[in-house]
Structure formats: C-alpha cells, structure tokens
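Peer 1: Here's a sequence, model it:
(chains A and B)
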Amino acid sequence: MENHSASQNYRSRINDGRKVWLGGVEIRDLPNHPAFRGIVETVASLLDLQERTETRDALTFPSPGSGKPVNAAFLVPRSKEDILHRHAAFQIWSDATFGMMSRLSEYSRSLLTGWYASRHRLGGNSQAFAEKIAGYYEASRDRDWLSTTALHDPQIDRSKGPSETDDPDAYLRVVKETRDGIWVRGAKMIATAAPYVDEIFVYPYHRRSGGDWQYATMFAVPVGTPGLHVVCRESFASDQREEHPLSYKYDEMDAVIIFDDVFIPSERIFIKDDPEAIWRLRQDPAANALSQHQTVVRLVSKLQFLFSVANEIAAAIGITHHLHIQEKLGELIVQLETIKALLAASEELAEPDDSGVWLPAIEPLTTARNLGSRYYPRSISILQHIAAGGLMQHPATLAELDGPIGDLLRKYYRGAAVSAQERIRLFKLAWDLIASPLGSRHELYEIFYSGDPVRTYAAQYANYDKAPLTDPVWRMVRTRSPEPILSADKNGR
Amino acid sequence: MRRMKEERKREMAQSRGEQFIRSLQDGRSIWLDGKQVKDVSGHPAFRGTLQTLKHLFDSLDDKETQDKIGYWNPTTGTYVHNAFLVPRSREDLRRRREAFAYWANETHGVMSRLSEFARSLVTGWYASRHAFTPFDPQFADKITRYYEEARDKDLFVTTALLDPQIDRSKRPGEQRHPDAVLRIVRETEDGVIVRGAKMIATSAPYCHDFVIFPYHPLKEDEKQHAHLLIVPANLPGLHIVCRESFASDRQEEHPLSARYEEMDAVLFFDDVLVPWERVLLKGDIQAVWQLRMNGVANALAFHQTVVRLLAKLQFVAGVSVAVAESIGAQHFLHVQEKLGELVTQVESIKALLLASEIQSRPHESGTVLPSMVPIETARNLGTRYYPRAIEILKQIGAGGYMQVPSTVAELEGPLAEMMNVSYAGRHVDADDKVRLFKLAWDLIGSPLGSRHDLYERFYAGDPVRTFANQYLHYDKSDSSRLIRHFWQVHNGGEAHFDGKPFSESKLSFTNQ
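Peer 2: Numbers count the residues shown, from 1 in each chain, chains lettered A, B, ... in the order given. This next block holds a predicted model:
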C-alpha cells in the first residue's frame, strides 16, 4: 500500500469482481473498458492531486485518526475558515473538470460528514447510530473511499406507495433478518458513478408513512458485494478524443442498483424500519448545508466554463460587436455572478450550530440550486444562439485538416482571429456541450438532480421565514386612521 | 429685528419635514394640466407624497431612528443623512445601506427617487474631486461648497440627464431644431445662459436642485452640450412640466397612489441664467464623460439602487404571499412554486448586495467602495425580476382583483352583512381582504403600478444595452485562460496555467 499512489490504490480497489452490466454484458476489466477508461482516468488524476505539493494542502486536512492527509470533504468545519477550506478543495476538483463532473463523491462524503457531525441527534430509536456512523465515517475518511447515493425507487408507478403495489419487490425492502445483519431485495436509482466508486449509501429520499416502516432502512454497501448488480445506461463515452473532448473524459455513468438478495452486516445498518428517523436524517441541517455548499461550488465552475466557451466562440467568429450577442453574453455573466454572490453570502452568513459545527447559510444555497435548474438550460440555449448554424458546419474530423484538401479546409474553416484548427476544436467542444448524448444528459441532470424543480421551488417557499415579508403588508393594510394629508380628505373620513 | 426673531421661532417650532415642505414655496414654476401650480404642499397631486417625505425628513430628528439614518454633523448641530457619508470602511458602507434600507422599507421600495441617488453622486464627486482638477481647477472648491450646502441644508436633489425623445437616430447636434437639446447659448459675467429641455426629472416638483450632465458620450463638435450644472429649481425661466398625476386622494382605495406617487417631469430652460458657482464643468466632453463614468459616484449611487430594489421585491413578495394565504391558494403546488420564485428573487438580490460589500475595496480617493460587478448584476436582474414579480402577483390573485367593491366603506353599507360573508378570506375578514386586494391592485393595475413596471425595466437604460454593457465592462481575460487551460488538460497536460496551480489562480478570480 505504502508505495502506491492514491490513483493506483483506487484502480485496484474498483477491480474487485463487482457486477457491472453494460449492453447486457458483464464488464471484466473496468478501468480499461472503453466506456470507463476516460472517466476512471479523470477520477484517478483528481486523486493524485491530493498528493501533489501545490494542491495537497488545499485538498486535504490531517486525519484526526491516522494523522495522514485526507480529503477535505470529510472536514467537520469548526470555523468559517474550515468552510472556506472545504470550498477551496471542492473548487480544485470542479475547476479541474470544468464543472462537468457532478458526482466526484464530495456530495455523498459531505452528507456523511454532516451525519457524523450530527450523530448524537440522529438515528431515532437506534442506540448504535452514533457509534456506527462514526466508525463508518472514519473508515471512509481514512481509506479515501469514494461513494455515491442510491435514494430513489424505480420509476414504476409513482401514483402508488410501497405498500400499495402488487409487486412486493418494487420497492427495496428487508427480506430476511439474521443475527449478523439483513438481506435486502429490490432496486434503487439514480446511482451516478456507481460503477467506479467504492460505496453506495441507500435510504429512501421521500418521506415514508408510518405504515411503510419496512421500507425505511438506511445502510451503506460496498459496490462489490455479492448479489449487487450495477446496471448501466447506454454509454455516452467517446473514444474520439479530438472530436468529443468532453465525452472522452467526463461521461459519469448513471446506474440502477439491483439488490438480488444482498447481505448487509449490522455495523453498516444505520437506521432500520424507522420512517421518522430517516426523515430527520434527510432534514439534517449539517448534512444538507455541507453537501449543498459543494453543489453550488461546482455550479460556479460549470457556468464559468459555459460563459468562457460562449465568449471564445463569439470572439472566434467576430460577433462580439453585435448588441444582441453582447446582451446574451451579459446574461451569462449575470448568471455566473449571481451564483457566485449566493455562494459568498452563504459563507459570509455562516454560523455555528448547537454543537459548534460551522455551517454555511442554507437559504442562499437553496436559492442558487433553484436558480441553477433554470440557468443551465438557458445558458445552453444562449450558446446555441451564439454558435448557431456553425455547429453543423465543421468537418467530421480534425485530422482532415491535414488531408488531401487540407489547404482549402484551413482557408475556409478559419475564424476572425483564430486558425481553422482552433475554430473547429471550439465548435466541437460546444457541440459536445449542446448536442452530444453527454450534453443532453447534463441538461437533464441540472434541471432535475435536486428533484422536480416545481417541488424544489415550492419547498423553498414552504421552508422560508415569510413573516418578515408579510408583516409590513398587513401593517399597511391595517392602518385604519392614516395621518391627515395636510388638508381634509375629500371622502370626509 | 423682532419680526426676524419671530420668523426664526416659527421655524424652530416646525419639524424638519415641515420646513422642507415650506422651503418649496420658493417661486418655482411647475406646470400640471396646463396650469401653473401655485403651492405644491396643498395640491392634491403632491400632498400625499409630501406627507410621506415629511415623515422621512422627520425621522432624522427622531431619537429612535436618527442613528440608523444619519450621522451627527457638528457644523449644524444636527443629524445629516448617511447618503452624505463618505465611506472610509466597509462599516461605513453598511451604515449607508442601513440608512437607505430604512427609508426604502418605510416606503416599501415604491419611492425610487428619495434623493439618495443624486445625493450619493454628489458625495462621490466630492470624495473624488481632485480627479477633476485637470479639467477645471475650481471644480474641487465648487463641489465641496455644494456638498456641504446640500448636506447641511438637507437639500433634496434629483437628476435630469436625458435629452428629449425627438429623433433618437440623430445626435444632439444633428437635431432639426437647435434648441431641441439643452445647450449653453451665452456666457455672462454672472454665469451661463442655457436653453433647451432635459428629462426625466423624477420628483422635480419637490426638489431643491437638479443635477444636469449628459448621459451619453459626446463628440468634439458637441461641446455646447458638455457641462455639469447644479440648477436651483426656482431659477427664472426654468419650467417644470409634469406628466399626468397618478396620485390618489383616496388612501383607503389606493394606498400606494395616495402616498408614493413620485412625479416625473421634463425641465424646460427658457434662457436660464445658471450662476458660475453652479457651473462645475463646461465645454469639455472628456471631463463630462469622466464624470459620468466616475467610479466613486457610481458605486455609491448604484449601491443605493440595489438596496431599494431589495425593499421593493420584498414588498411584492410579501403582498403575493399575503394574497395567496388570504384565499388559501398557497396550498396549490404551482402557487408555491411561484412564491418560491419570488423568494429566489429576494434572496439573490440580497446576496448580490452583500457580495458587493464583502468585496468592497479601498479606492485611490481614500474611500472604500462596494464592488461594482454584483451591483451591476443586481441592477440587470431587477429589470427582469420586477415585471416577473408583478406577473406572479397577477397569477396568484387572478380574477379576484376585479372582484372587490369600489370602496372599503360599503362593507358597512346597506349590504354589509352579505358583503362581509362573501368578501371574507381564509383567515381574514372582508375588511382586511378587500384592503389587501386594493393594495395589490395598486401595484398591478393602477397608473402608478404601470409606471413602476416601466420604471424598473428602463430606469437604468434599455436593458438590452445594460446587459451588453455588463459584458463589455467585464474582465473577460479569464475566459480565454480557462479555455486555454481546457486544451492543456485535454492534451494530457498538467492542471496548471500561468505558472500557478489552476486552482489557486481560479480562487482569486472567483472571489474577486
């Protein structure tokens, strides 16, 4: 172990006999499979940043357990500086991947860190919750485990709750219990990154009613556990590095996890048969603030990338002097600066909770996430307007610039101030954002990753402290005897 | 002598607000409905607004509030408004913000020109006065004297910057009539003679002074339009021509129109002699453009506009939530979504305001200024947020706005019993609900409300241009660096650029 780099350890960990299915075939050597080679390389390069001198201090902190540097997503913030440290660490990874990697484990790691920080308040009737979550948190932290979540039930019939379906296996449930643990059966989604991470957190995302108590269990499971199947969607990865620069490296796979009677040992069962305890965990302010903070850092990186691509394309084809193009690029800046301001506000307004854990303010983060669900599709639409028909007017391959009619291509594909090669590369990059399967998946992701935006906006209203808004209104409405307006009122009242 | 003493005594007995209203009887020429307004204080088009202003002026002498709004001025032995506070620290910016917020919240953000904008411009020019010495050695002294006078005498000031909307395809010098655009026609020993018209002088009828300079850049042969004048409202030959009044004298039915109508006016200069003391710049197109782009004045004045925007969006959100809850509509998911959108509006403007102060920087003038990028962002968002907020308020109350009795009083009339049943709401009685809906109507359906929709969209200029300007002003060098970095990483290069770890240089960019 000692002589292996973080990325070498990572590669060997994910070659553990896990059952990953793609196209009906079980994948043997995942790190070298065409659908995963690029993404595994990307993750591996990020892990190595933890050991590079320029980035180590920002990305890590000394583990209170081992004393060795561990990822800052596991840092329980005891000050505003700690929150900024987390921000810096998140940003290094999200900038290095241009905001295109939404599930680099920091989100789930932050959830875990939040649960750990709040462990004495959580767990309901499970006496062992605090101890178990602490043990699991420490193992994850010190062993650099990457993780993801699988929280949603299969999209079978959303009009029926767990106990109302005909098929008892439609929702994940405990089918057998032994002294050492439980056996679970059913399926969970959306486990982004599941094929190439270590661990999956499983619990219901939506509130279960008291009657559905047997569907209210929370556990963590290693991806390589027997009986666990990772079923991938179609791969959007490309092996054409020059033509699809994003799809080549950043296709984070989404998967459904099928539990065909999987054994979960009791130390990994954090909550069992307790809808209220799960719901309290879901609402936990520390877990929510720490994880949402990360999502907003990533959103900034992505919007910055979008603006930069749009701006470079506009400059490349000489359209930055058009007023309506300036207006649209201005809108992208407005998006970016608004999210940056919300992120800064969440940190400026950070406060310690009852146990001395510092949390970024949640309201600006919720706002940024809601805005993000509308900003991203809009920014893609602006990019379309800027690049326009040019997106369909680049040659199939960059290589043909050196082909038989290369001279002609170099002449006619050039831009205002850039060569044909640069211009084509930019447009291929834009195409990968706008129109490739990967790009389309990103649009879906940004709109829906935190839930149906209709509901997330509604939730922001429901949770908001509205009295400061409505009190002045009612005061005005109830002002019965206004001061006389200098002379008598015409109505004589 | 005795008469003077009595006069002084009477003044002492008057509150600051009463003195303000009285000071407007200074011989100014105001035109409304083709007639000259003799006394603004008693006129139905102005008295509600003046009552509001009186209350605001008086708040500077109220022990409960004066520390929030102003600071102690030893010269006068009174409190003066924080719009005149030259900020030397982030704390000073907070004090300015709180003063703006107090007046804005008192008027629910519906009064956009309470003079803080123009006062902030004056404060900014005063703070950076030495930058104008190369253009006019007297500028510094003149602006200092005016700043002190405005501060000490509580002068209410507004701007009139735009030329009449005659033919926007032509430059000032190309207009068919030479008097179309305000210009200096003659100079005398006492000052300059100006002729022409200026708009949009919001709140002009009850202002003491008008700040006049060109809003758009001028060309070399347009020097006669290139000046900064601070013109007293009562100069002979100056006419204040009002649009139709949107004021209501029925406070019960039109609570906003009865209190907050701010009049917009065109100023006509029929050969007005402006004394040299009030001619701060003249005949220098560079000087006036530098004034227009002055970073200190703009940062202070635009900061105020965002404070007010926040107050207004909070008010519209508050009215919307109250309307929804008064009729039980907040139970519907799509209504919750819309109310959630209003919350995101409020929270994002609040964050931008805060960000402008977090990122405040010392300026070479010795001031500490809020960061302009978040301020510009908030102002641009405002042009889209406000119309959208009004649209949401319409969607929530919907047909209900046309279903309120014409007067609140009739709830106690012959049909009282039936009306009080049918006009009641979920947890509110008919009286409250009718008044609430009338308040909402004053935002969405009254002439005053429609004027506000126009105002918020266009007060900072055509939003197409203001978004474009934000793009043009923005530091875009990071965009090409970021894309260069992308290709480096793409080609298997290190995650570095410009000799620094990518993350480090990006951090400074992100938090600037």
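Peer 1: Show the contacting residues for the residue nearest to the spatial centre of chain A.
Peer 2: By CA atoms, centre = their mean, chain A has its centre lying nearest to residue A:102, at 3.9 Å. Applying CB atoms under 8 Å, 6 or more residues apart in numbering or on different chains to residue A:102 gives the contacts A:192, A:252, A:295, A:298, A:445, A:449. Where C-beta positions appear, they are placed from N, C-alpha and C, glycine not excepted.
Peer 1: you'd agree the third one is up against residue A:446?
Peer 2: I take that to be residue A:295. No: using CB atoms under 8 Å, residue A:295 is not in contact with residue A:446; the gap is 10.3 Å.
Peer 1: Could you name every residue contacting both of those two?
Peer 2: Residues touching both residue A:295 and residue A:446 (CB under 8 Å, 6+ apart): residue A:372.
Peer 1: ok, residue B:449 - how many residues close by?
Peer 2: Per other CB atoms under 10 Å in any protein chain shown, the neighbour tally for residue B:449 reads 20.
Peer 1: Mind checking what secondary structure it has?
Peer 2: Recorded secondary structure, residue B:449: helix (DSSP: H, G, I helix; E, B strand; the rest coil).
Peer 1: neighbour-wise, which of residue A:295 and residue A:446 wins?
Peer 2: Using other CB under 10 Å, the more surrounded residue of residue A:295 and residue A:446 is residue A:446, with 23 against 20.
Peer 1: if we can go back for a sec, and the gap between the residue nearest to the centre of chain A and residue A:203?
Peer 2: According to CB to CB, to the nearest Å, residue A:102 and residue A:203 sit 20 Å apart.
Peer 1: wait, is residue A:306 part of a strand?
Peer 2: No: per three-state DSSP, residue A:306 lies outside any strand segment and is helix.
Peer 1: quick one: contacts for it?
Peer 2: Contact partners of residue A:306, counting by CB under 8 Å, 6+ apart, are A:332, A:376, A:379-380, A:383, A:433.
Peer 1: Compute the distance between it and residue A:386, please.
Peer 2: With distances taken as CB to CB, residue A:306 is found 11 Å from residue A:386.
Peer 1: With residue B:45 instead?
Peer 2: With CB to CB as the criterion, residue B:45 and residue A:386 are 48 Å apart.
Peer 1: Same question for residue A:221.
Peer 2: Residue A:221 is 45 Å from residue A:386, where distance means CB to CB.
Peer 1: Next: residue A:280.
Peer 2: From residue A:280 over to residue A:386 (counting by CB to CB), the distance is 47 Å.
Peer 1: Compare neighbour counts for the two and give me the winner.
Peer 2: residue A:386 (23 against 16).
Peer 1: What pLDDT does the model give the more buried one?
Peer 2: pLDDT recorded at residue A:386 is 97.
Peer 1: residues in contact with it?
Peer 2: Residues counted as contacts of residue A:386 (CB under 8 Å, 6+ apart) are A:310, A:313-314, A:319, A:325, A:328-329.
Peer 1: 7 Å instead, please
Peer 2: A:310, A:313-314, A:325, A:328 (CB atoms under 7 Å, 6 or more residues apart in numbering or on different chains).
Peer 1: in what helix or strand does it lie?
Peer 2: helix A:362-387 (DSSP states H and E).
Peer 1: Could you pull out the buried residues of that helix?
Peer 2: Residues of helix A:362-387 classed as buried by neighbour count (16 or more other CB atoms under 10 Å in any protein chain shown): A:362-376, A:379-380, A:382-383, A:386-387.
Peer 1: which two from the contacts of residue A:386 end up farthest apart in space?
Peer 2: A:313 and A:328 (11.6 Å; CB to CB).
Peer 1: And the helices in the stretch 101-250 of chain A?
Peer 2: A:106-117, A:129-142, A:245-249 (DSSP state H, counting those that start in this stretch).
Peer 1: and among those helices, the most buried is which?
Peer 2: Most buried of those by mean neighbour count (mean count of other CB atoms under 10 Å in any protein chain shown) is helix A:106-117; its value is a mean of 26.
Peer 1: Tell me the pLDDT of residue A:485.
Peer 2: So residue A:485 comes in at 39 (pLDDT).
Peer 1: re earlier: chain B: which of the helices of the stretch 101-250 of chain A is closest?
Peer 2: Shortest distance between chain B and those, using CB to the nearest CB, is found for helix A:245-249: 5.3 Å.
Peer 1: residues in contact with residue B:16?
Peer 2: If a contact means CB under 7 Å, 6+ apart, then residue B:16 has B:57-58, B:60-61, B:154 as its contacts.
Peer 1: nearest residue to it other than its sequence neighbours?
Peer 2: Excluding its sequence neighbours, the residue lying closest to residue B:16 (CB to CB, 6 or more residues apart in numbering or on different chains) is residue B:57, at 4.6 Å.
Peer 1: helix/strand/coil for the closest residue in space to residue A:383 that isn't next to it in sequence?
Peer 2: Counting by CB to CB, 6+ apart, residue A:383 lies nearest to residue A:310, which is 5.0 Å off, once chain neighbours are set aside. Following three-state DSSP, the label given to residue A:310 is helix.
Peer 1: Give me the neighbour count for residue A:310.
Peer 2: 26.
Peer 1: Does it touch residue A:333 like I think?
Peer 2: No: contact criterion CB atoms under 7 Å: residue A:310 and residue A:333 do not qualify, at 10.1 Å.
Peer 1: per-residue confidence at residue A:143?
Peer 2: 96.
Peer 1: State the distance from it to residue A:44.
Peer 2: With distances taken as CB to CB, residue A:143 is found 16 Å from residue A:44.
Peer 1: just residue B:485 next, same as before
Peer 2: Residue B:485 sits 19 Å away from residue A:44, going by CB to CB.
Peer 1: ok, those two, which is more surrounded?
Peer 2: Higher neighbour count among residue B:485 and residue A:44: residue B:485, with 24 against 19, using other CB under 10 Å.
Peer 1: Keeping just the C-alphas, turn stretch A:53-69 into CSV.
Peer 2: The C-alpha coordinates for stretch A:53-69 follow below in CSV (Å, rounded to 0.1, in the frame of the first residue of the first chain):
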residue,chain,number,x,y,z
THR,A,53,2.6,19.6,-3.2
GLU,A,54,0.8,22.5,-4.9
THR,A,55,-2.7,21.2,-4.2
ARG,A,56,-2.3,18.9,-1.2
ASP,A,57,-2.9,21.4,1.5
ALA,A,58,-6.0,22.8,-0.1
LEU,A,59,-7.4,19.4,-1.0
THR,A,60,-6.8,17.7,2.3
PHE,A,61,-6.5,18.0,6.1
PRO,A,62,-4.7,15.8,8.6
SER,A,63,-6.9,13.0,9.7
PRO,A,64,-7.6,13.1,13.4
GLY,A,65,-7.4,9.3,13.2
SER,A,66,-4.3,8.4,11.1
GLY,A,67,-2.7,11.8,11.0
LYS,A,68,-2.3,11.4,7.3
PRO,A,69,-3.8,13.9,4.8
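Peer 1: How about it and chain B, touching?
Peer 2: Yes: residues of stretch A:53-69 contacting chain B under CB under 7 Å from any CB of the partner chain: A:54-55, A:58.
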